[in-house]
Structures are given as structure tokens and as C-alpha cells.
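Trainee: Quick one: sequence and predicted model below, then my questions.
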Amino acid sequence: MTETSPDEQISKRKDFICGVVEGFYGRPWTTEQRKDLFQKLKKWGLDMYVYAPKDDYKHRAYWRELYTVEEAEHLTSLITEAKSHGITFCYALSPGLDITYSSQKEITTLKRKLEQVSQFGCMCFALLFDDIEPEMSEADKQIFQSFAHAQVSVTNEIHQHLGCPKFLLCPTQYCSTRAVPTVISSEYLNTLGTKLSQEIDIMWTGPKVISKTLTTECIEEITQVLRRPPVIWDNLHANDYDQKRIFLGPYCGRKPELIPLLRGVLSNPNCEYNANMIPIWTLAHWARCSLNAPPHMEAVSWDIKMERESEQGVCEDDVPMSLEKHVYHHRQALRQAIDDWLPEFSLPKAAQGPVIKPQTPITVPAVPI
């Protein structure tokens with residue numbers, strides 16, 4: 001069997017989106033850091049950035065407010081910079097805290113806000129309904145059959161109003177532990193699957209808010225319910241729930257065989273921008289891994305244990321050096337990412353934006369164990 005080149009693999013997966021979502025609680029990244037990220041995403045073969053910082057008050061708490069001239073210029077420059085590197089800039093809005101779904105005034109406000117961003121050059125949007133109470137106002141209860149029907153109605157209308165651009169939705173039940181009562185029997189998720197436009201992608205974090213592993217079985221289950229493959233909002237390296245911890249490890253716990261079953265993967269990484277080199281680099285390497293590698297190489301890429309833990313908890317690393325270039329293994333990817341990262345330590349600090357003092361700890365939604 002002839003091995004397919006990385007570019008040919010990416011071409012075959014042109015419908016597979018992969019990149020970063022800035023979707024954490026805490027201090028948003030700086031303009032310089034975002035522009036540095038766009039360069040890295042291009043270099044590593046990733047293709048999407050989702051703007052969704054929870055602490056940008058016009059993204060969430062004050063979502064109705066339009067951007068000022070200065071803010072508009074800032075967003076326009078980011079969108080332009082992303083485009084120059086071939087990166088899709090997706091603008092996300094989180095209106096779920098206090099929106100009245102049945103109010104035409106609210107819908108008009110939502111349309112006006114996203115129309116403004118579209119004028120900045122943005123051609124991809126997302127509505128996020130995560131981390132909100134699953135309740136409707138009395139006015140909404142008079143109009144909609146359920147909470148899911150309300151969200152579907154608004155999302156479909158906004159999507160159509162904007163001309164049916166690339167569009168994503170983050171549901172309120174966004175992982176298995178939040179599905180009521182279960183994924184398969186969730187009325188909410190099944191309503192999304194049957195009523196939401198098939199042109200709109202749905203985000204999913206996996207079995208938990210932070211999923212250590214993603215299996216074929218769990219992906220097939222949610223795909224069946226949503227009637228479409230999910231986009232994984234991956235919190236594997238997220239640390240906004242405990243910023244005393246930083247996750248520097250490689251992308252792992254997801255078999256490369258999952259790629260054909262997914263619409264895409266978006267990493268929601270550490271709040272500290274400069275800590276994300278390894279997580280994002282290894283995600284990119286994972287996404288590029290060969291889809292048609294010989295069977296014995298597939299086995300090596302996943303089944304051979306490179307890390308063996310003794311009864312005392314001491315790890316013995318055994319990283320083979322002879323794997324095919326495009327066969328993924330998290331330990332080998334870690335080594336390569338470190339080699340690529342080391343030269344950055346000799347760069348001037350300004351190259352990646354200012355080093356900002358840690359933010360005062362904030363209260364974020366509890367993460368189920």
C-alpha cells in the first residue's frame with residue numbers, strides 16, 4: 001500500500017476542522033498572543049480559531065452590546081490576520097445567561113450583534129449555550145415546547161439570517177454526565193438532532209466535561225443521537241478550574257482512528273498562552289497521522305505501551321525511534337514538540353506578547369469528577 005502524503009491526507013479530510021477554541025474562564029489572551037497563535041496554527045497545519053473568552057464581557061455577560069469603534073478595529077485586525085494565515089476565525093457569542101428566546105426584540109438584538117461582526121470580515125459563527133440553567137422564562141414556556149426547541153428555533157433563525165455561513169452550536173447538555181437522564185434517552189439532545197439544521201455543527205466534550213479518553217463507542221453513541229458527527233470541544237488541557245495547575249503533556253487518550261468519525265476537534269487549552277506549545281503541537285501531529293498506514297504500523301501507533309508503570313508508580317519510558325513519520329504516538333510526539341519548542345526560549349519576550357501577572361482567582365463552574 002502506498003503511503004499518502006500529509007497534504008493529501010488533509011485534502012481528504014477537508015471537512016475535518018481542527019484548531020483552538022479560546023473558551024476558558026479567566027484573563028483572555030492578548031492581541032499579540034492571538035496573532036502568534038495564528039502563525040503557529042498555519043505552520044502546524046491546523047485551520048480554525050474560535051473566539052469565545054468567557055471573561056470578554058461583550059461575549060457573554062453583556063452580549064447585547066455592540067462593539068465600539070476601537071473594539072471593532074481590534075476584532076477586524078484579528079480576523080484579517082487569521083485570514084492571512086489561512087485560519088478560519090469563528091466568532092462565538094454566549095447569550096444563554098438571560099436571553100428571552102421568544103422575544104423578537106432579543107432576536108433582533110442578536111442578529112444586529114452578529115451582523116456587526118460579519119462586517120468585520122467574519123464568516124464563521126457559533127452560539128454557545130453551555131454553563132447555564134436549563135430553564136425558560138414564563139414567556140418562553142408559552143411559545144416553546146421545551147428548552148431545546150427554544151434554542152433550536154433561535155439558532156436556526158440566526159443561521160438563516162446570516163446567509164447560512166459555517167456555524168457551530170454548543171449545547172447546554174454538552175457531555176454525557178450532563179445528559180438527562182442519559183445520552184440516548186435525552187429529550188434535549190434528541191431534539192437538537194432532529195430539529196437543528198443539518199448545516200450546523202454541534203460541539204461535545206465527551207463522557208465528561210474533561211474527558212481523559214474518547215472511545216469509538218462514545219462517539220458513535222452521540223453521533224446517533226445528534227444525527228451528525230460531533231465537533232469535540234476538548235478540555236483535556238484546560239486549567240481554568242484550577243489555575244495553580246498547568247498541563248504541559250501531549251495530546252493523548254484519543255485513538256487516531258476516531259478522526260473519520262468526527263466533524264472536528266477544537267482544543268480549549270491552558271489559560272496561560274505560552275504553556276500551550278506542546279498541547280497544540282501534538283494535537284496537530286495527531287490530526288495529520290496517516291489514515292492508511294499499514295496495519296502493523298497502526299498497531300504500533302496505539303497498542304504498543306511506551307509507558308509502563310510499576311507497582312510503586314514509577315514510570316519507565318520506552319519511546320521507539322523507528323516509527324513512521326506520520327504515525328502518531330503521544331510519547332514520540334511529546335519529544336518532537338519539545339525539540340520544536342526549545343528555540344522559542346531564546347526569542348525576545350515581545351515575540352509572544354507581554355508576560356502578564358497571574359489573574360486574581362475567580363469562581364468558575366464546578367467540574368464533575
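Mentor: Right, received. Where do you want to start? Computed from a predicted model, the values in this text were never measured in an experiment.

Trainee: in a strand, that's where L127 is, yeah?
Mentor: Yes. Applying DSSP: H, G, I helix; E, B strand; the rest coil, one finds L127 inside a strand.

Trainee: what about the protein, any weak spots by pLDDT?
Mentor: 1-14, 290-326, 349-369 (pLDDT under 70).

Trainee: Mind listing the residues bridging to the residue lying closest to Y51 once chain neighbours are set aside?
Mentor: Setting aside the residues directly before and after it, Y51 is nearest to Y91 in space (CB to CB, 6 or more residues apart in numbering), at 5.2 Å. C-beta: built from backbone N, CA, C; applies to glycine. Beta-bridge pairing of Y91 under DSSP bridges involves Y51, F125.

Trainee: Tell me the spacing between Y91 and V152.
Mentor: Between Y91 and V152 the computed distance is 20 Å (CB to CB, to the nearest Å).

Trainee: Verify the stated contact: the residue nearest to Y51 with C122.
Mentor: Yes. With contacts counted by CB atoms under 8 Å, Y91 reaches C122, the gap being 4.8 Å.

Trainee: which residues are in contact with both of the two?
Mentor: L75 (CB atoms under 8 Å, 6 or more residues apart in numbering).

Trainee: neighbours around D131, how many?
Mentor: By other CB atoms under 10 Å, 18 other residues sit near D131.

Trainee: May I see the buried residues of the strand or helix carrying E71?
Mentor: Using DSSP states H and E, the element containing E71 is helix 69-84. Across helix 69-84, burial judged by 16 or more other CB atoms under 10 Å covers 75-76, 78-79, 81-82.

Trainee: for stretch 242-262, same thing?
Mentor: Quick answer for stretch 242-262 (16+ other CB under 10 Å): 243, 250-252, 254-256, 258-259, 262.

Trainee: how about those in TSV, adding secondary structure and distance to G26?
Mentor: Formatted as TSV, the buried residues of stretch 242-262 follow (DSSP: H, G, I helix; E, B strand; the rest coil; distance: CB to CB, whole Å):
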residue	secondary structure	distance to G26
Q243	coil	7
P250	coil	23
Y251	coil	22
C252	coil	24
R254	strand	25
K255	coil	31
P256	helix	31
L258	helix	29
I259	helix	30
L262	coil	27
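
Trainee: need those residues in JSON lines with distance to N276, can you?
Mentor: Formatted as JSON lines, the buried residues of stretch 242-262 follow (distance: CB to CB, whole Å):
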{"residue": "Q243", "distance to N276": "14"}
{"residue": "P250", "distance to N276": "12"}
{"residue": "Y251", "distance to N276": "11"}
{"residue": "C252", "distance to N276": "15"}
{"residue": "R254", "distance to N276": "17"}
{"residue": "K255", "distance to N276": "23"}
{"residue": "P256", "distance to N276": "21"}
{"residue": "L258", "distance to N276": "22"}
{"residue": "I259", "distance to N276": "21"}
{"residue": "L262", "distance to N276": "21"}
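
Trainee: dump the residue contacts of the residue nearest to T223 when sequence neighbours are not counted.
Mentor: Closest residue to T223 apart from its sequence neighbours, by CB to CB, 6+ apart: P229 at 5.2 Å. Contact analysis of P229 by CB under 8 Å, 6+ apart lists 219, 223, 261-263.

Trainee: Assign a three-state SS to P229, would you?
Mentor: Under three-state DSSP, P229 comes out as coil.

Trainee: do the same with F345
Mentor: At F345, secondary structure determined by three-state DSSP is helix.

Trainee: Please identify the helix or strand for the residue lying closest to K58 once chain neighbours are set aside.
Mentor: Sequence neighbours aside, E65 is the residue nearest to K58 in space, at 5.3 Å (criterion: CB to CB, 6+ apart). Under DSSP H and E, no helix or strand contains E65.

Trainee: E65 - how many residues pack around it?
Mentor: 12.

Trainee: what does I184 give?
Mentor: Other residues close to I184 by other CB under 10 Å number 12.

Trainee: May I ask which helix or strand encompasses K42?
Mentor: helix 31-44.

Trainee: what helices or strands is the helix or strand L283 falls within leaning on?
Mentor: Here L283 is covered by helix 277-288, with elements defined by DSSP H and E. For helix 277-288, the elements it packs on are helix 6-12, strand 17-22, helix 31-44, strand 264-267, helix 330-341, judged by 3 or more CB pairs under 8 Å, 6 or more residues apart in numbering; DSSP states H and E.

Trainee: Walk me through which strands the shortest one pairs with, and which way each runs.
Mentor: Put plainly, it is strand 264-267. strand 17-22 (parallel), strand 231-234 (parallel).

Trainee: As CSV, the ones you listed with distance to L214 would be great.
Mentor: Formatted as CSV, those follow (distance: least, CB to CB, whole Å):
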stretch, distance to L214
strand 17-22, 14
strand 231-234, 7
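
Trainee: How many residues are close by the closest residue to A287 other than its chain neighbours?
Mentor: Residue nearest to A287 in three dimensions, not counting chain neighbours: C18, with 4.5 Å by CB to CB, 6+ apart. Residues lying near C18 (other CB under 10 Å) number 25.
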